[in-house]
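Undergrad: predicted model, plus sequence, below.
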Amino acid sequence: MRLDDFDNSINVEDQRGGGGRFPMGGGGKLGCGSIVIALIAALVFGVDPAQMLGTLQQTQVNAPAPQQGGSTLEESCSVNEFSRESCNALSSLNKTWTPLFAQANIAFQPPKLTFYSQAGNSGCGAAQSAMGPFYCPADNGIYIDTDFFTEMDQRMGAGGDFARVYVMAHEYGHHIQNVLGTSTQVRQLQQRSPSEANRLSVALELQADCYAGVWAGRNRDRIEAGDIEEGMRAAHQIGDDTLMKAAGRRPVEDAFTHGSAAQRMQWLKTGIETGNEDQCDTFK
């Protein structure tokens with residue numbers, strides 16, 4: 001996908017090389033997606049979800065943000081090709097979504113992109129490479145260890161530039177849900193109806209896929225030959241059923257948290273083809 005170089009309006013923090021702090025404290029509520037992250041980490045990387053959840057629960061959610069490492073925006077976005085690609089995608093996402101919120105008269109502050117390596121710190125607690133990219137609603141941050149993109153290519157068979165920016169756009173979709181209050185409503189419903197928790201989680205994730213597609217659809221003139229195929233392949237490879245099979249487990253729909261390969265492909269395609277966020281009601 002042909003993206004313009006990022007501009008100075010993007011908000012980027014770089015924790016690489018600075019050593020993110022891990023302040024431990026009492027209590028604290030898990031941020032949206034922490035349980036999902038732990039389960040996906042278990043499926044993809046063999047991490048014990050119970051152990052990871054225990055670590056996340058011990059980490060104080062409202063921990064102070066780590067200090068900037070002194071890097072300039074240009075330096076942080078130029079550490080490697082994946083860093084620049086992520087910054088370029090963030091800039092494009094901001095330019096696409098900000099006007100839509102303005103048209104709807106909804107206050108909107110774009111998310112912050114934080115790079116870390118192996119381990120870092122977020123408003124939702126510890127950031128660990130095994131989690132993969134994630135969004136933290138507590139600080140409106142997208143967190144990425146760019147080594148994950150190498151894992152996507154080599155271990156998951158989901159390489160390509162469009163596959164990588166799809167991941168960025170998906171996490172940005174969670175920010176949109178947070179701004180609109182969708183994430184909060186889902187958490188409340190999950191607390192009231194635990195038996196519906198997984199179904200609601202799947203709907204939330206599929207909507208983020210659709211929002212990612214909307215961004216791509218609204219930038220159709222930037223899409224190159226093979227991009228859509230890369231996106232569909234990535235959506236297939238990170239479907240819950242595909243991940244469970246790869247981990248040697250029998251796919252169980254009741255245990256899905258992100259949606260099947262077919263569902264993820266369908267909703268990404270819906271967003272791309274319509275370019276209309278109103279078509280992303282996955283909760284029907």
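TA: Okay, I see it.

Undergrad: Asn140 versus His174, what's the distance?
TA: Distance from His174 to Asn140, counting by Cβ to Cβ, to the nearest Å: 10 Å. In this view, the C-beta of every residue, glycine as well, is placed from N, C-alpha and C.

Undergrad: neighbour count for the two, which is higher?
TA: Neighbour totals were compared for His174 and Asn140, and His174 leads with 24 against 16 (other Cβ atoms under 10 Å).

Undergrad: my guess is that one contacts Thr182. True?
TA: No: if you go by Cβ atoms under 8 Å, His174 and Thr182 don't touch, sitting 9.3 Å apart.

Undergrad: mind listing the shared neighbours of these two?
TA: Counting by Cβ atoms under 8 Å, 6 or more residues apart in numbering, the shared contacts of His174 and Thr182 are Leu204.

Undergrad: now this protein, which segments are flagged as low pLDDT?
TA: Applying pLDDT under 70 to the chain picks out residues 18-70.

Undergrad: quick one: the helices in it, in order.
TA: Assigned by DSSP state H, the helices in the chain fall at 34-45, 49-58, 73-76, 81-103, 147-154, 161-180, 182-192, 197-218, 227-237, 240-246, 261-274.

Undergrad: buried residues, the longest one. List them.
TA: Taking 16 or more other Cβ atoms under 10 Å as the basis for neighbour counts, the residues of helix 81-103 that come out buried are 82-97, 101.

Undergrad: do the same with stretch 153-160
TA: Neighbour-count burial for stretch 153-160 flags 156, 158-160 (criterion: 16+ other Cβ under 10 Å).

Undergrad: span of it from start to end?
TA: 7 Å (Cα to Cα, to the nearest Å).

Undergrad: which residues touch it?
TA: By Cβ under 8 Å, 6+ apart, the surrounding residues in contact with stretch 153-160 are 44, 152, 226-227, 230, 233-234, 237-238, 246.

Undergrad: mind running it again at 7 Å?
TA: For stretch 153-160, the surrounding residues in contact (Cβ atoms under 7 Å, 6 or more residues apart in numbering) are 152, 230, 233-234, 237-238.

Undergrad: and the furthest pair within those residues?
TA: Glu230 and Ile238 (12.7 Å; Cβ to Cβ).

Undergrad: more neighbours: the two, which one.
TA: Ile238 (26 against 20).

Undergrad: what sits against the more buried one?
TA: Contacts for Ile238 (Cβ under 7 Å, 6+ apart) come out as 158, 258, 264.

Undergrad: now render these as TSV, adding distance to Gln190.
TA: Below are the contacts of Ile238 laid out as TSV (distance: Cβ to Cβ, whole Å):
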residue	distance to Gln190
Ala158	28
His258	15
Arg264	20
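
Undergrad: and the closest residue in space to Tyr116 that isn't next to it in sequence, how far from Thr72?
TA: Once flanking residues are discounted, Tyr116 sits nearest to Gln15: 4.2 Å by Cβ to Cβ, 6 or more residues apart in numbering. Going from Gln15 to Thr72 by Cβ to Cβ gives 15 Å.

Undergrad: between these two, who's got more neighbours?
TA: Here Gln15 and Thr72 are compared on neighbour count by other Cβ under 10 Å; more neighbours surround Gln15, at 26 against 11.

Undergrad: picking that back up, between the contacts of Ile238, which is closest to Asp209?
TA: Arg264 (5.4 Å).

Undergrad: what about the nearest residue to the closest one once chain neighbours are set aside, how many neighbours?
TA: Nearest residue to Arg264, sequence neighbours excluded (Cβ to Cβ, 6+ apart): Ala235, at 4.1 Å. A count of nearby residues for Ala235, using other Cβ under 10 Å, gives 27.
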